[in-house]
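1. I would like to see how this sequence folds:
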Amino acid sequence: MSDNVKDIIEEINYFTDDEYEKRREARRARVEKEKKRQLLYRRLFVAGIGVILVAAIIGLLIGGISCAVKRHNENKPVADVTVTDDNTTVVDVDDIDQNPGSAATVTDPNTFINSNGKARLFTLDANDYVYSESESTATINYSGLYSQYGLIIDVDNKDILASLNGYSMMYPASMTKVMTVLTARQYISIEELDNYIEVTQEATDYAFSHGCSAVNFSVGEMVTIRDLFYGTILKSGADAAYMLAVYVAGSHEEFVNLMNENCVALGISETTHFSNCVGIYTDDNYSTCYDIAVIMAATVQDEFLQEVMNARKYTTSITTEHPEGILISNLFLRRIEDFITGGEVCAAKTGFVNQSGNCAVSFMKGDDGKNYVCVTGHGGSPWQEVYDHIALYNIYVLGDTGYSGAVKKQ
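-> Numbers count the residues shown, from 1 in each chain. As a prediction, this is how the structure comes out:
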């Protein structure tokens, strides 16, 4: 090593005593600071563990108390259920009791919770919807009838007034949606109707991909649950029906299972089965005129559903996407209300797929104070379905055996 290099190294490593002492003190200070920092971190860590343990203990105590309260409430009878004059059960979501004698039987919410965690508010009893033929039951033989299937019942007397292939299998098309709103209503309280829900791409795609009628909500639009009920019936909107299904059951498939459970409850499962909530044709989506009449009779027992089924027009909620809302209407009701039927037709749902032809179900409050349901299927056009219902009401409710055509009200 050259002398120059040695001189440089010695110069670099050379410190005076004072300089060395200052550097040593600075290093000692840095070490002490680091020790204090680590001690603080350890104390914070121990404190954090303590907080977590305390929180866990409190959580266990609260959980134990909640379980005890739940067990207590399960054994506690609950009252305050009101049945109105029209046999509609009115019940608060948190005040549910058993009332086995009513048309819409209310059950304890713990009896059935669906897969989406929603409690069923009321059940259906097949014994309330049994309609029988008698010696006076007629075979529909009106030569002007367009439909290949038909049935009319007296709801109050439990009588089948007349039938044409009334028990034969048919495809119900959008009459399916009567069961859709009935099933949805079982899990949706009146208080929920004005809650908002975001329209999904899945719902709009479902309607579009199957070529269905739609309310034409926009993806991301915030609409109310009430909008979905009206959209399902008045506009026959597949987007609305699909949204209702997912809201209630978490998935379309699970909701259809609930629809078919209602078929069992109503005693029609041997002749009616649903594969979707819209009425899209499949071999597994079938029913009969009689069964559709049963479903309608059960549906109009609920005051809110009768309000929906009776609406001529409805405007959906005002949104950014639709600043004036979307105006929808029930054309069947708007058409038939101008004609003499022997009462007021105050609920209706139509349908059409190629395999079913035009079909319709309607509910009438007769001028005689009684209630009637009429179902027709495989007709030629929407107007022909209207005319068929006018004819059946005139012939079998008013007793006009010489009926020769629809007559407008004065």
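
2. hmm, residue 305 and residue 299 touching each other?
-> Yes. Assessed by Cβ atoms under 8 Å, residue 299 is found in contact with residue 305 at 5.1 Å. No exception for glycine: its C-beta is placed from N, CA and C like everyone else's.

3. who has more neighbours out of those two?
-> residue 299 (27 against 21; other Cβ atoms under 10 Å).

4. gap between that one and residue 127?
-> Here residue 299 is placed at a distance of 17 Å from residue 127 (Cβ to Cβ, to the nearest Å).

5. and residue 344, by the same measure?
-> 28 Å.

6. between the two, who's got more neighbours?
-> residue 344 (15 against 10).

7. now that one, nearest residue through space, not along the chain?
-> Distances taken as Cβ to Cβ, 6 or more residues apart in numbering place residue 365 nearest to residue 344, at 5.1 Å, with adjacent residues excluded.

8. the helix or strand harbouring that neighbour: what's the following helix or strand?
-> Assigned by DSSP states H and E, residue 365 falls within strand 357-366. Where DSSP H and E defines the elements, the next helix or strand beyond strand 357-366 is strand 371-379.

9. just the C-alphas of that following strand, formatted as PDB.
-> Only the C-alpha atoms of strand 371-379 are listed here, as PDB (Å, rounded to 0.1, in the frame of the first residue of the first chain):
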ATOM      1  CA  ASN A 371    -117.900 -11.800  -5.900                       C
ATOM      2  CA  TYR A 372    -116.900 -13.700  -9.100                       C
ATOM      3  CA  VAL A 373    -113.800 -14.800 -10.900                       C
ATOM      4  CA  CYS A 374    -113.600 -15.500 -14.600                       C
ATOM      5  CA  VAL A 375    -110.700 -17.100 -16.500                       C
ATOM      6  CA  THR A 376    -110.300 -17.600 -20.300                       C
ATOM      7  CA  GLY A 377    -107.500 -19.000 -22.400                       C
ATOM      8  CA  HIS A 378    -106.300 -19.500 -25.900                       C
ATOM      9  CA  GLY A 379    -108.200 -16.600 -27.400                       C
END
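
10. for that strand, give the mean pLDDT please.
-> In this model, strand 371-379 has an average pLDDT of 97.

11. domain ranges for the chain?
-> Following the assignment in automatic domain parsing, the chain carries domains at 3-74, 126-396.

12. my guess is residue 396 meets residue 138, correct?
-> Yes. Checked against Cβ under 8 Å, the pair residue 396 and residue 138 is within contact range at 6.7 Å.
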